[in-house]
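>>> Quick one, structure for this:
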Amino acid sequence: MGACRVEYLLQSLPPSDLLGAVVKHCETGLYRGLLATLGCSAIPSAVWEEATIPVRLGGLGLRAPSTVQNAARLAALAPACCTRVLNIRDKAL
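Residues are numbered from 1 along each chain as shown. Below you'll find the predicted structure:
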């Protein structure tokens, strides 16, 4: 599953067990890709954490879906909420 599709799912689906399974599947794929790149069979969790740090801060810049899940959902809902608030305000005026 591609990153764009995962981001779309994170934005559009409400939090649920199914979405949690998708997130876990994608994170497992990222982890396995890192293992393959490094030529390792396993890495300590501290190395994985460092890999998810942005490049500008010295990490590899891998974005684990679980860390952006809530922000993606909020970003998807924000325009609708703002439009609704503006509509309510306009009706009140």
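
>>> separation between the closest residue in space to S41 that isn't next to it in sequence and I53?
Nearest non-adjacent residue to S41, counting by C-beta to C-beta, 6 or more residues apart in numbering: L35, 6.8 Å away. Backbone N, C-alpha and C define where each C-beta goes, glycine included. Distance, L35 to I53, by C-beta to C-beta, to the nearest Å: 18 Å.

>>> Averaged pLDDT, the helix or strand hosting the residue nearest to S41. What do you get?
Taking DSSP states H and E as the definition, L35 sits inside helix 17-38. What helix 17-38 shows for mean pLDDT is 80.

>>> Same question for it: list its buried residues.
If you call a residue buried by 16 or more other C-beta atoms under 10 Å, then helix 17-38 has these buried ones: 19, 22-23, 26-27, 30-31, 34.

>>> what's the following helix or strand past that helix packed up against?
Next along the chain after helix 17-38, taking DSSP H and E as the criterion, comes helix 45-51. Here helix 45-51 touches helix 17-38, going by 3 or more C-beta pairs under 8 Å, 6 or more residues apart in numbering; DSSP states H and E.

>>> so what does the helix it packs on touch, helix or strand wise?
helix 3-12, helix 45-51, helix 65-92.

>>> Check whether S66 really touches V23, as I assumed.
Yes - taking C-beta atoms under 8 Å as the definition, S66 is a contact partner of V23 at 5.2 Å.

>>> Next, the contact list for A42, please.
By C-beta atoms under 8 Å, 6 or more residues apart in numbering, the contact set of A42 is L35.

>>> shaky segments in the protein?
Applying pLDDT under 70 to the chain flags the ranges 1-4, 6-7, 9-19, 69-70, 73, 77, 80-93.

>>> what secondary structure does the closest residue to A51 other than its chain neighbours sit in?
Excluding the flanking residues, the one nearest A51 by C-beta to C-beta, 6+ apart is L60, at 4.3 Å. Under DSSP: H, G, I helix; E, B strand; the rest coil, the three-state class of L60 is coil.

>>> wait, what's in contact with L60?
Contacts of L60 by C-beta under 8 Å, 6+ apart are 34, 50-53.

>>> Check whether the residue nearest to S41 really touches P44, as I assumed.
No - using C-beta under 8 Å as the test, L35 is too far from P44 to be in contact (12.0 Å).
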